[in-house]
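Asks: predicted coordinates and the sequence they were generated for:
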Amino acid sequence: MATGFDKNKIVHSLVQNLQQSSSAEGAWLGGSTATGFEDDLSDTDIVIISTNPDEIFQTVEDTLKGIATITHIWKVEDSPWKNFAQKFYVLDQTSETYYLDIGVFQSLSSEDYAEHFNVERHGSPQVLFDKKDILKQASQQPRYESSKKIEWSQWIARFEILYRTFLKESLRGKYIDSYTFYQRLVMMWVQLVRRHRTPQKHDFGLRYLYRDLPPTESQYIEKLLQVPDLKSMQVAAAELRSKIQTLQKDVSV
């Protein structure tokens, strides 16, 4: 870790300056701080409410420059969230694993923040300030995920087509093509397991599986992803297919 690196000092300085900004209405710490898994390798996730994201990012950058040199800034251009801006910052006097993830939501409606108080999905956000009680109101009515039920006949048909496509490419000896379709088979299995174990995170994919699943289940997925060659891939895919076939009669999946 870099000498003198203090994550808490960075957060304190940012909060102090953001709270003084007339453009910032509220802010919270998310990520590993919210989920309770923060450690020495964790980054800092701060989410801010503001109708003027450019001014917020300027405040963030001015603050960070007073602490260390900013070596990299990644402006996210394809965020899945509406009215959301996001930048990542790397500083020169921090550990090599550290960065700041700064997000700015522009809505001032408490309803738009209810999802972030879904503890099963995002953990418990640590509210830093809340000038107009937007987050307080959002926390009183957390929004939970309601994923669509899988149409099993279509799901199993899709799996079978992907399996057959994988198999023919593997028999042709094309590792890259085979792995592409094999990975999609694995992700379909992950989808099933997630819906059963962590329905509020049904769309999280491979993220946090070590936390969310029993060790035997996460280890099985790890094993699926560690195939060294085409033959091993064929064996693993056939085993996975067999597991899927045993579920065909369970229409409640």
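Replies: Structure received. Keep in mind it's a predicted model, so treat the numbers as computed, not measured. Numbering: from 1, shown residues only.
Asks: contacts only, for T33.
Replies: Taking CB atoms under 8 Å, 6 or more residues apart in numbering as the criterion, T33 is in contact with S42, T44, D45, G123, Q126. To be clear about C-beta, it is placed using only N, CA and C from the backbone, and glycine gets the same treatment.
Asks: helix/strand/coil for it?
Replies: When classified by DSSP: H, G, I helix; E, B strand; the rest coil, T33 comes out as helix.
Asks: tell me how far it lies from E61.
Replies: 22 Å (CB to CB, to the nearest Å).
Asks: that older thread, inside strands: which ones of the contacts of T33?
Replies: T44, D45, Q126 (DSSP state E).
Asks: which one (most neighbours) among those residues?
Replies: The most crowded member of these, judged by other CB atoms under 10 Å, is T44 (22 neighbours).
Asks: what's the closest non-adjacent residue to that one?
Replies: Once flanking residues are discounted, T44 sits nearest to L100: 4.9 Å by CB to CB, 6 or more residues apart in numbering.
Asks: what pLDDT does the one you found get?
Replies: On pLDDT, L100 comes in at 98.
Asks: how about it: which residues does it bridge to?
Replies: T44, Y89 (DSSP bridges).
Asks: now the end-to-end length of stretch 142-155.
Replies: End-to-end span of stretch 142-155 (CA to CA, to the nearest Å): 31 Å.
Asks: ok now that stretch, how far from the chain's centre?
Replies: 19 Å (CA atoms, centre = their mean, to the nearest Å).
Asks: what residues of the longest helix seen in the chain count as buried?
Replies: The residue-count maximum for a helix in the chain (DSSP state H) belongs to helix 175-197. Across helix 175-197, burial judged by 16 or more other CB atoms under 10 Å covers 178-179, 181-182, 185-186, 188-195.
Asks: list the buried residues for the following helix or strand past it?
Replies: Sequence-wise, the next helix or strand beyond helix 175-197 is helix 209-212, with elements assigned using DSSP states H and E. Buried residues in helix 209-212, defined by neighbour count with 16+ other CB under 10 Å: L209, D212.
Asks: repeat that for stretch 227-242.
Replies: Applying 16+ other CB under 10 Å to stretch 227-242 flags V227, L230, M233, Q234, A236, A237, L240, R241 as buried.
Asks: I'd like to know which elements the helix or strand encompassing the third one is packed against.
Replies: Going back to what we said before, that points to M233. Applying DSSP H and E as the criterion places M233 in helix 230-245. Packing partners of helix 230-245 (3 or more CB pairs under 8 Å, 6 or more residues apart in numbering; DSSP states H and E): helix 152-171, helix 175-197, helix 215-225.
Asks: export those helices to a markdown table and tack on mean pLDDT and distance to D92?
Replies: Formatted as a markdown table, those follow (pLDDT from 0 to 100; distance: least, CB to CB, whole Å):
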| stretch | mean pLDDT | distance to D92 |
| --- | --- | --- |
| helix 152-171 | 96 | 45 |
| helix 175-197 | 96 | 36 |
| helix 215-225 | 97 | 34 |
